[in-house]
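A.B. asks: sequence and predicted model, in that order:
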Amino acid sequence: MIKTKEIGRRGEAIALEYLKKAGYRIIALNYRLRRLEIDIIARQNERLIFFEVKTRFQNKTDKNETPLTERQTKNLKHAIIDYCLKNRISLTRTRLDLIVISVNRTTRLASLRHYPDIF
């Protein structure tokens, strides 16, 4: 059985490959602020984009992807503000995107959905 952390690492690798092919310039991976983490930080043109990557196994009954919880959103905002303050970056030139990787339990094939500017 594949462990949750391994699934997460595989999902982040898929997201990273997707972003590189889409022309994003990767700035940082797994930026940490104490226990908070931003999965991927990238630049596109003059904008700094923070990516949260969620990797899940597909369920036959689960039609909707679960959004970020209120706590996760709050933690991401906190980490983004910290990063911007430390690096003297205006928050007006940033955004947060969500990438959802769905893995088929049987075939192990993955699909990716990119949700830009989620808040």
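C.D. replies: Perfect, I can see it now.
A.B. asks: how about the least confident helix or strand in the chain by mean pLDDT: buried residues?
C.D. replies: Counting by mean pLDDT, DSSP states H and E, the weakest-scoring helix or strand in the chain turns out to be helix 4-21, with a mean of 90. Under the neighbour-count criterion of 16 or more other Cβ atoms under 10 Å, helix 4-21 has 7-8, 10-12, 14-16, 18-19 buried. For the C-beta atoms, the positions are set from N, CA and C on the backbone; glycine is no exception.
A.B. asks: do stretch 72-91 as well
C.D. replies: For stretch 72-91, by 16+ other Cβ under 10 Å, it's 75-76, 79-80, 82-84.
A.B. asks: ok, residues contacting stretch 42-49?
C.D. replies: 19, 23-27, 41, 51, 84, 89, 93-97 (Cβ atoms under 8 Å, 6 or more residues apart in numbering).
A.B. asks: got the buried residues for that stretch?
C.D. replies: Result for stretch 42-49 [16+ other Cβ under 10 Å]: buried residues 42, 48-49.
A.B. asks: bridging residues for the spatially most central residue of the chain?
C.D. replies: By Cα atoms, centre = their mean, the chain has its centre lying nearest to E52, at 2.0 Å. As for beta bridges, E52 partners with L98 under DSSP bridges.
A.B. asks: before we move on, the earlier item: who touches the least confident helix or strand of the chain?
C.D. replies: 26, 29-30, 39-40, 42, 51, 53-55, 57, 99, 101, 103, 110, 112, 114.
A.B. asks: would you mind listing which of the residues you listed are buried?
C.D. replies: Buried, going by 16+ other Cβ under 10 Å: 39-40, 42, 51, 53-55, 99, 101, 103, 110, out of the contacts of helix 4-21.
A.B. asks: which one of those residues sits closest to T69?
C.D. replies: K54 (11.0 Å; Cβ to Cβ).
A.B. asks: name the element that closest one belongs to?
C.D. replies: Assigned by DSSP states H and E, K54 belongs to strand 47-57.
A.B. asks: what's the following helix or strand after that strand?
C.D. replies: Assignment by DSSP H and E places the next element after strand 47-57 at helix 70-86.
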